[in-house]
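# fold the following, please.
(one chain, ligands or ions: 1)
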Amino acid sequence: MSSDASEFDPDRIESYKFPETTYTYSERDVALYALGIGACARDAVDVDQLKFVYHDKGQKFIQVLPTFAALFSLGSLPGGLGLPGLKYDPRLLLHGQQYIELYKPLPSNACLKNTVSLAGLHDKGKAAILEIETKSYDKDSGALLCMNRTTAFLRGAGGFSKSSHPYSYSNYPKDKVPSVKIPKGQPFVVFEDCTQPSQACSIYFIIARMKVIVSYLLVLALLYRLSGDYNPLHSDPTFAKVAGFTRPILHGLCTLGFSVRAIVKCICRGDPNLVKCISGRFLLHVYPGETLLTEMWLEGLRVIYQTKVKERSRTVLSGYVDLHGLSSSL
Ligand SMILES: CCCCCCC[C@@H](O)CC(=O)SCCNC(=O)CCNC(=O)[C@H](O)C(C)(C)COP(=O)(O)OP(=O)(O)OC[C@H]1O[C@@H](n2cnc3c(N)ncnc32)[C@H](O)[C@@H]1OP(=O)(O)O
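Residues are numbered from 1 along each chain as shown. The predicted structure is shown next:
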């Protein structure tokens with residue numbers, strides 16, 4: 001018996017073959033992205049960040065922040081999430097998680113070929129969770145640059161299981177994904193950005209062995225969207241209200257970009273190529289203009305982090321970043 005085309009149909013979603021896509025970017029996109037996640041926002045001559053927006057010290061290419069790789073995954077979805085069998089209200093979609101593996105330093109401009117597949121689909125009753133895997137190859141050399149696993153939390157789309165057992169499909173072993181446990185002790189380092197332009201910038205407070213970074217977001221969602229996520233949830237007040245928010249919220253990937261940029265600055269001493277893999281779960285929305293505070297703990301070559309909104313004292317993101325090694329100056 002064929003299923004009704006207007007129904008949520010997990011079998012159709014699971015058997016869908018995603019087309020290959022291409023994604024092309026230039027140095028201008030790389031610099032615009034870095035500005036969208038707050039690089040140099042508080043200090044236009046920050047030696048650790050100028051290289052992400054400018055050919056600092058005569059460098060030949062602008063360097064690429066590791067979370068730039070996440071853009072390839074959003075750009076790889078044909079027509080958004082218009083998959084056969086997937087029925088959901090786009091106004092209720094939230095970004096749930098992002099996982100990125102980096103295999104090579106990201107070039108400052110490239111033409112990429114993306115292969116896309118379903119990584120997971122889960123029925124959580126009140127929501128459906130959809131996971132999409134994107135592998136990005138340099139089109140010229142054929143080299144695999146990175147892999148993204150992007151998780152969408154589709155509020156109101158759950159309850160589609162055909163048996164009493166909740167539907168759950170994954171193309172990767174769940175036990176290989178470490179869950180994040182925030183350590184009980186104090187974070188590792190303290191770094192605080194200046195709060196007002198009139199203050200001296202980039203003041204370091206080394207308090208015991210703690211470092212904390214504070215960043216200030218202003219109209220970032222409007223700037224960040226120019227990197228390719230035009231979801232009106234981040235710009236349209238009416239749309240945001242229907243989605244359940246008092247005003248447009250920040251892109252999850254912008255918050256992740258802030259947090260990982262803080263880690264690159266504080267732990268990697270500005271070297272983006274020390275980052276091997278990134279994992280983050282979005283726990284709560286962020287309003288543009290709120291202050292982000294990223295706390296970091298170092299456990300071997302793993303940085304465990306959590307990001308809080310200072311004004312509401314709420315954790316909005318947590319995860320880990322695995323490194324290839326540690327900076328010798330740490
Ligand atoms: C293909 C992908 C395309 C992606 C496109 C992205 C486009 C972007 O423009 C969209 C955005 O950027 S939206 C902004 C960023 N995201 C957010 O602000 C979401 C913040 N998180 C929340 O609000 C809640 O955690 C919330 C609402 C997500 C969950 O909270 P609750 O409803 O309270 O859930 P809870 O009862 O705690 O858990 C139910 C089950 O769901 C699992 N879960 C919870 N949070 C999750 C999350 N963030 N990601 C993945 N899974 C999550 C829980 O584990 C639980 O399952 P189980 O019962 O099996 O443990």
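# all helices for the stretch 101-250 of the chain, in order.
220-224, 237-242 (DSSP state H, counting those that start in this stretch).
# skipping adjacent residues, who's closest to Phe72 in space?
Nearest non-adjacent residue to Phe72, counting by C-beta to C-beta, 6 or more residues apart in numbering: Ser136, 4.5 Å away. Quick note: C-beta positions are derived from backbone N, CA and C, even for glycine.
# give me every residue that touches the one you found.
Contacts here follow C-beta atoms under 8 Å, 6 or more residues apart in numbering; on that basis Ser136 touches Tyr23, Ala69, Phe72, Ser76, Leu112, Lys113, Asn114, Leu144, Leu145, Cys146, Met147, Asn148.
# same thing but at 7 Å, please
Going by C-beta atoms under 7 Å, 6 or more residues apart in numbering, Ser136 touches Phe72, Leu112, Asn114, Leu145, Cys146.
# quick one: the fourth one and Leu106 touch, right?
Think Leu145. Yes: between Leu145 and Leu106 there is a contact under C-beta atoms under 7 Å: 6.4 Å.
# who has more neighbours out of those two?
Neighbours were counted for Leu145 and for Leu106 using other C-beta atoms under 10 Å; Leu106 has more, 24 against 20.
# and the end-to-end length of stretch 34-42?
13 Å (C-alpha to C-alpha, to the nearest Å).
# correction: the previous question concerned stretch 293-305.
For stretch 293-305, the end-to-end distance is 10 Å (C-alpha to C-alpha).
# so which bits of that stretch are buried?
If you call a residue buried by 16 or more other C-beta atoms under 10 Å, then stretch 293-305 has these buried ones: Leu293, Thr294, Glu295, Met296, Trp297, Leu298, Arg302, Val303, Ile304, Tyr305.
# and those, which two are furthest apart?
Leu293 and Arg302 (20.2 Å; C-beta to C-beta).
# my guess is Asn148 meets Ala70, correct?
Yes: when contacts are counted by C-beta under 7 Å, Asn148 is listed as touching Ala70 (6.0 Å).
# which neighbours do the two share?
Joint contacts of Asn148 and Ala70 (C-beta under 7 Å, 6+ apart) are Gln98, Ile100.
# of these two, who's got more company?
Ala70 (28 against 25).
# ok, that one to Leu253 distance?
Plainly put, Ala70 is 5 Å away from Leu253 if you go by C-beta to C-beta, to the nearest Å.
# need the residues touching each of these two.
Common neighbours of Ala70 and Leu253, counting by C-beta under 7 Å, 6+ apart, are Gln98.
# the closest residue to the ligand within the stretch 1-150 of the chain: what's it in contact with?
In the stretch 1-150 of the chain, the residue that lies nearest the ligand is Gly96 (2.6 Å; C-beta to the nearest ligand atom). Residues counted as contacts of Gly96 (C-beta under 7 Å, 6+ apart) are Ile129, Thr151, Ala152, Phe153, Arg281, Phe282.
# what about the third one, neighbour count?
Neighbour count of Ala152, defined by other C-beta under 10 Å: 20.
# ditto for the one 10 residues further on
Here the neighbour count serves as a burial measure; for Lys162 (other C-beta under 10 Å) it reads 11.
# ditto for Arg155
Residues near Arg155, counting by other C-beta under 10 Å: 17.
# then Phe153?
Quick note: Phe153 (other C-beta under 10 Å) scores 21 neighbours.
# ok, now Gln306?
Residues near Gln306, counting by other C-beta under 10 Å: 21.
# how much space between it and the ligand?
Computed as C-beta to the nearest ligand atom, to the nearest Å, the Gln306 to the ligand distance reads 14 Å.
# within the helices and strands, which one has that residue?
In the assignment (DSSP states H and E), Gln306 maps to strand 302-309.
# tell me what that strand is packed against?
Other helices and strands packing on strand 302-309, by 3 or more C-beta pairs under 7 Å, 6 or more residues apart in numbering; DSSP states H and E, are helix 252-266, strand 291-299, strand 314-323.
# between strand 302-309 and the second one, find me the angle.
Going by axes from the mean of the first three to the mean of the last three C-alpha atoms, to 10 degrees, strand 291-299 is angled at 160 degrees with respect to strand 302-309.
# how far does strand 291-299 sit from its chain's centre?
15 Å (C-alpha atoms, centre = their mean, to the nearest Å).
# what's the angle from it to helix 252-266?
Using the same axes, to 10 degrees: strand 291-299 against helix 252-266 is 60 degrees.
# what's the distance between the nearest residue to Glu131 once chain neighbours are set aside and Leu94?
Take Glu131 and drop its neighbours on the chain: the residue closest to it by C-beta to C-beta, 6+ apart is Gly120, 3.4 Å away. As for Gly120, its distance to Leu94 is 16 Å (criterion: C-beta to C-beta).
# anything in the helix or strand containing Val30 near the ligand?
In the assignment (DSSP H and E), Val30 maps to helix 27-36. No: using C-beta under 6 Å from any ligand atom, helix 27-36 never reaches the ligand; the gap is at least 12.9 Å.
# just how off-centre is that helix within its chain?
Computed by C-alpha atoms, centre = their mean, the chain-centroid distance of helix 27-36 equals 15 Å.
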